[in-house]
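[1] Next comes the sequence, and after it the predicted model I'd like to discuss.
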Amino acid sequence: MTAANFQLFCESVPGVAFDRFEELCAGAWKEDSKLALSLFAWLGTLGGDADVVQNSNRENKKVFYMAMMWLQTNYPSTLANNLERIAAHASLHSILDVLMFAKNQTGPNSLGVQLQSACSGEDWRSTAT
């Protein structure tokens, strides 16, 4: 594990400041983006039902959502290409939360803009007869 990814691993705890978390994500991504993406997925497992303390679940989930927000802001196509993995590491509800965040983002490269253009295209046809 690289130094920046190890630092991301160690400091991704409830209560981490968003500015600090953004720095950690950027450094980890720069060193090894594939490992950083794996750590983001790992964060999604921390808020699951297996954890004992319910408040801890919520706080851990916030760190996962911060990772998804960072990914959406900096690498929206990577987030779009990995949406199915969110459910595998977090929950189906998490996909909805991430999509709602992405939908409200602006900018030509945002996932929200990409989703809107994809949904308004001719490729979406009903299979009903």
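    Looks like it arrived, so ask away. Quantities reported herein were computed from a predicted structural model and do not represent experimental measurements.
[2] quick one, helices of this structure?
    3-11, 18-31, 33-45, 54-74, 76-81, 83-89, 92-103, 111-119 (DSSP state H).
[3] Save those helices as TSV, and put in mean pLDDT and mean neighbour count too.
    Heads up, the C-betas are built off the backbone N, CA and C, glycines and all. Converted to TSV, the helices of the chain look like this (pLDDT from 0 to 100; neighbours: other Cβ atoms under 10 Å):
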stretch	mean pLDDT	mean neighbour count
helix 3-11	93	16
helix 18-31	94	17
helix 33-45	87	18
helix 54-74	75	18
helix 76-81	83	16
helix 83-89	74	15
helix 92-103	72	15
helix 111-119	52	15
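[4] give me every residue that touches the residue nearest to Met68 when sequence neighbours are not counted.
    Once flanking residues are discounted, Met68 sits nearest to Val98: 4.8 Å by Cβ to Cβ, 6 or more residues apart in numbering. Counting by Cβ atoms under 8 Å, 6 or more residues apart in numbering, Val98 makes contact with 65, 68, 72, 79, 83, 86.
[5] Against Leu99, how distant is the fourth one?
    Same thing as Leu79. Look at Leu79 and Leu99: by Cβ to Cβ, to the nearest Å, they are 10 Å apart.
[6] Same question for the third one.
    Using Cβ to Cβ, we find Gln72 at a distance of 10 Å from Leu99.
[7] got it, and the last one?
    When distance is defined by Cβ to Cβ, Ile86 is 9 Å away from Leu99.
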